[in-house]
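# no sequence for this one, just the structure:
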Ligand SMILES: Cc1ncc(COP(=O)(O)O)c(C=O)c1O
């Protein structure tokens, strides 16, 4: 079921979106799915996967519907246009941008590139699992450097753990499952230094959410430093997790390690949708605003219940529930809420993704009732 809301609702948000008030509004601009306020284990509120629960923008959906009419044709020209759009937005040369079905293909191939060089992988712990799991699966030794006491990525300890055998350094910024960031100057220096000895991959899946003066994308480094790769995804703010679209920024020669010269495996639907979505700034603002509202609701609960949490720079929170996260997950699921999987050794910490503000309030009400 969907509810029509006006562009003003999008931009004003907050109370303007409250419950039944908007249900009766019939307006022109955008259509977003209604909150799920009667969730069940079979039809749950998905607060476990760091998705955009509103889905792609209406403009992107329209274009994708149209593109589906030519789904029988190989995608040739759209990717050129998408490359142009991204180059303009990011201010990067076109040959420094590769496109694939999400960022996962790039992450996995970076692990394979490391294996081909018979190298080791250096990463923080915890980090997003794709690169370390792939590396482990294909026999690459993974050096995991635990986060610091404040749960931030410990750049100094990573420097200390670097050896000549390391052929790939992988970091997420913001990190996942801990939504912290690495201070921009320290990270820049780290990337430049490490790239003299190995490939450095910075995964910026959540960069659009960051509102923190200490953060900077490392994309500018890729034109000067051949061994630095920055990955991005449309799965988060653009709501393309199921459509699949991602990017790698690097020197053209480095990109050849990650993708062929012309990518025949791209979907014309995804390419057309991404061209539209990356230019739909209104939607990106809308979703960022919704994310902030939901995060405020969550953080208020942490404060009300005196729970330790890491200030979030993404679309998910990480908090110490003071009891096993598996226990929390089981109880929440009984109420139709899916929360994040366990992240050992942080077995008492819960990763909770933002959902629509109305759903977030439901999650908080349930949590307070069960565990408050
Ligand atoms: C840090 C990070 N990188 C990459 C991904 C996967 O992104 P994609 O959907 O683009 O493959 C995720 C997914 O949650 C993630 O958290």
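Alright, I've got the coordinates. Quantities reported herein were computed from a predicted structural model and do not represent experimental measurements. Residues are numbered from 1 along each chain as shown.
# going by C-alpha atoms from here, please, whenever you check contacts or count neighbours.
Fine.
# residue ranges of the strands in the stretch 51-200 of the chain, please?
Along the stretch 51-200 of the chain, the stretches classed as strands by DSSP state E, counting those that start in this stretch are 97-100, 120-125, 142-146, 166-172, 199-203.
# need the residues that contact the third one.
Residues from elsewhere that reach strand 142-146, judged by CA atoms under 8 Å, 6 or more residues apart in numbering: 120-126, 132, 135-136, 153-154, 157-158, 161.
# swap the cut-off to 10 Å and go again
For strand 142-146, the surrounding residues in contact (CA atoms under 10 Å, 6 or more residues apart in numbering) are 119-127, 131-133, 135-136, 152-162, 166, 168-169, 345.
# look up how far residue 337 lies from residue 362.
Distance, residue 362 to residue 337, by CA to CA, to the nearest Å: 9 Å.
# tell me which of the two has more neighbours.
residue 337 (24 against 19; other CA atoms under 10 Å).
# about what we covered before: the contacts of strand 142-146, buried ones only, as a PyMOL selection?
Here is the PyMOL command that selects the buried residues among those (16 or more other CA atoms under 10 Å):
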select buried, resi 119+120+121+122+123+124+125+126+127+131+132+135+136+152+153+154+155+158+162+166+168+169
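# and for residue 362 and residue 337, which residues touch both?
Common neighbours of residue 362 and residue 337 (CA under 10 Å, 6+ apart) are 39, 45.
# who in the stretch 151-300 of the chain is up against the ligand?
172, 176, 203, 205, 233, 235, 241, 246 (CA under 6 Å from any ligand atom).
# in TSV, list those residues along with distance to residue 254, pLDDT and neighbour count.
Output for those, formatted as TSV (distance: CA to CA, whole Å; pLDDT from 0 to 100; neighbours: other CA atoms under 10 Å):
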residue	distance to residue 254	pLDDT	neighbour count
172	19	98	27
176	25	98	24
203	16	98	26
205	20	98	25
233	19	98	26
235	24	98	24
241	26	98	21
246	17	98	23
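# restricted to helices, list the residues you listed.
Among these, DSSP state H puts none in helices.
# which helix in this protein has the most residues?
Assigned via DSSP H, the chain shows its longest helix as helix 281-304.
# packing partners of that helix?
Applying 3 or more CA pairs under 10 Å, 6 or more residues apart in numbering; DSSP states H and E, we find helix 281-304 packed against helix 7-12, helix 58-68, helix 268-279, strand 309-310, strand 316-320, strand 349-353, helix 357-371.
# so where is the protein shaky, pLDDT-wise?
Along the chain, the model assigns pLDDT under 70 to residues 1-31.
# show me how it divides into domains.
Here the domain assignment for the chain is 36-56+281-371, 64-279, based on automatic domain parsing.
# need the distance between the two termini of the first one.
It stands for domain 36-56+281-371. Length of domain 36-56+281-371, first residue to last, CA to CA: 22 Å.
# quick check: bridge partners of residue 353?
Per DSSP bridges, residues listed as beta-bridge partners of residue 353: residue 316.
# residues contacting it?
By CA under 10 Å, 6+ apart, the neighbours of residue 353 are 46-53, 291, 294-295, 298, 314-318, 338-340, 360.
# could you confirm residue 341 falls within a strand?
No - using DSSP: H, G, I helix; E, B strand; the rest coil, the assignment for residue 341 is coil, not a strand.
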